[in-house]
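Enquirer: what would the 3D arrangement of this be:
(chains A, B, C and D)
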Number of protein chains: 2
Amino acid sequence: MNVKGLCLAILFRGDTTGYDIRKASSEGDYSYFAEASFGSIYPALNRLEAEELVTCRLEPQEGKPARKVYSITDAGRQAFLEELSQPPKPDVFRSGFLLVAIYAKLLGPKVIEKALDLRLEQLNEELNCMTECKDKCSPDETNYDPLIAAAGEWTRRYGAHVITASIAYLKENRAQLMAIANGELPIDLSGKLAV
Amino acid sequence: MNVKGLCLAILFRGDTTGYDIRKASSEGDYSYFAEASFGSIYPALNRLEAEELVTCRLEPQEGKPARKVYSITDAGRQAFLEELSQPPKPDVFRSGFLLVAIYAKLLGPKVIEKALDLRLEQLNEELNCMTECKDKCSPDETNYDPLIAAAGEWTRRYGAHVITASIAYLKENRAQLMAIANGELPIDLSGKLAV
DNA sequence: AGGAGCATGTAAGCTGTTACATGATTTC
DNA sequence: GAAATCATGTAACAGCTTACATGCTCCT
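Expert: Reported below is the predicted structural model:
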C-alpha cells in the first residue's frame, strides 16, 4: 500500500495528525501495512485534502505549531474500501535474518549469535504489540463497533499465533544454527525436509 | 537489501545471468530478501562490474542475444560478507491480507472469502517452494559445501515451520472471520488475548 | 497465427527517503 | 546543558518500476 492508502486506513478509525500517522505506521500497529516518513506523509495529506478525501481543521497550541487534525470524508471512506475490495497484492516477507542464516558458516558464530538475539528481541516486541496494544486496530470509543473490534481481535490473535510459532522454533533450534556457524554439522541432509 | 546486494547474494552461490537473477528474486528462493526488475538489475550488474566486485563473460547463443554470465570476485565476496556482518535491518512483514481482515465487517463476506482463499493459496505455494526446491539456497555442485547446505536446510525448515503454523491457524479460524464479515459476533472480546 | 519464454538494455517518471529548517517544552 | 518529544514543512536525491525496443524459438 502507498502512503495515501496508509493515511486513509489510519484516519478510518478516527481523526488524527500527520505526526501521529507516522507513529502508527513506523512503531505502532499499522506497521504491518506500510511504513512512511514525514517527507511523504505531509505531502500525501495535502493531496488527499485537495481530492476531498479528507478534511482538515487547525487546533492551535501554545508554544507549538498548530496541530492539523485530519478527518476522513465519506468519499474518502468509499475510495478506501473500494481499493481494499480489489484483490490484494501478495503479502511480503523480507528477512535480513534468513539471509544471514544461510551464510552462517561464512559469517561465523559471533555474527550469528548477534543476529539470533536481535531477531528474538524483535519478535518479542512484535508479540507485545499484538497482546498489549489491544483495541489499537479498532476505532476510538466515540464510534465503537463490536464487529470492527472483533475483526481487530481476530487479526491480533492470528499474528500472535504465527509470531509465537516463530519464537518457539528459533529457541528450540538456535543451537543447531550456532553449531553450523562453529563448523560442526548437526543436520542430517539425507532425509527429506520434515515439517 | 538493495539490488546490488541481491545480485551479490545470488552470484555468491554460483555464476548466473541478469535474467536468472530476476527469476530467483521474484519467483524462486531469494524472494525473501529483495525483489527487483530488469530495469534495476542490469544497471546494477554494470555498476558492480565497474567496481570489480563481479566479472562478466559472454556466452554466444544461436538466435538469442549472447548471455552475459557474471561471476563474483574475491573482492565481491568480501564486500558482501562485510555488509552481512553489519547488524541486519529488522525483518519486514507487510500484509495486505491482515489489512483486509481488519475491515472484514465493512468489506463483506465475498471480499473476505476471496482474500482468505488467495492468502491460503499463496502460503501453500511458499511452503512448496520451501520443501521441494531443496538445495536452491546452496551453491551448485561444483563447489558443494555440506555446511553451507546445512545452513540452507536450517533456513528452509524454519520457514516451513512458520508457514505451516500460519496455514493451520487460518484453516481453523476462517469460519470466525467469515462470521464477522456476515455480521455475527463469534469472538468473546471481554477476555484477554489467548495465544 | 499468436503467445510465452529467452535475453538484453534504455528512458521517463513515480515514490519515497534523507537532511535540513524552525522552535518551544520536557526530561536526564 | 544536552537530548528527546512535539509539530510542521521543503528540496535534493536515490532507487526502483513501467514501458518500450529488439528479435529469435518453441509450443499450441
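
Enquirer: stretch A:88-102 near DNA strand C at all?
Expert: No - judged by Cβ under 7 Å from any atom of the strand, stretch A:88-102 makes no contact with DNA strand C; its nearest approach is 12.6 Å. For the C-beta atoms, the positions are set from N, CA and C on the backbone; glycine is no exception.

Enquirer: name the residues of that stretch that are buried.
Expert: A:88, A:90-91, A:93-102 (16 or more other Cβ atoms under 10 Å in any protein chain shown).

Enquirer: how much space between A:Glu126 and B:Asn46?
Expert: According to Cβ to Cβ, to the nearest Å, A:Glu126 stands 39 Å off from B:Asn46.

Enquirer: spatially nearest residue to A:Pro109, not counting backbone neighbours?
Expert: In space, and not counting its chain neighbours, A:Pro109 is closest to A:Ala181: 4.3 Å by Cβ to Cβ, 6 or more residues apart in numbering or on different chains.

Enquirer: A:Tyr70 sits in which helix or strand?
Expert: strand A:67-72 (DSSP states H and E).

Enquirer: no no, A:Val162
Expert: Counting by DSSP H and E, A:Val162 is found in helix A:146-181.

Enquirer: what helices or strands is that helix leaning on?
Expert: helix A:104-132, helix B:96-102, helix B:104-132, helix B:146-181 (3 or more Cβ pairs under 8 Å, 6 or more residues apart in numbering or on different chains; DSSP states H and E).

Enquirer: pull out the buried positions in stretch A:63-73.
Expert: Neighbour-count burial for stretch A:63-73, counted by 16+ other Cβ under 10 Å, picks out A:Arg67, A:Lys68, A:Tyr70, A:Ile72, A:Thr73.

Enquirer: wait, does it contact DNA strand D?
Expert: Yes - on the criterion Cβ under 7 Å from any atom of the strand, stretch A:63-73 is in touch with DNA strand D at A:Lys64, A:Pro65, A:Ala66, A:Arg67, A:Lys68.

Enquirer: can I get that stretch in CSV, CA atoms only?
Expert: Taking Å, rounded to 0.1, in the frame of the first residue of the first chain, the C-alpha atoms of stretch A:63-73 are listed here in CSV:
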residue,chain,number,x,y,z
GLY,A,63,4.4,27.2,22.1
LYS,A,64,4.0,24.5,19.4
PRO,A,65,2.9,24.8,15.8
ALA,A,66,-0.9,24.4,15.4
ARG,A,67,-1.9,20.7,15.0
LYS,A,68,-3.5,20.0,11.7
VAL,A,69,-6.2,17.4,12.6
TYR,A,70,-7.5,15.4,9.7
SER,A,71,-10.8,13.7,9.3
ILE,A,72,-11.8,11.2,6.6
THR,A,73,-14.8,12.2,4.4
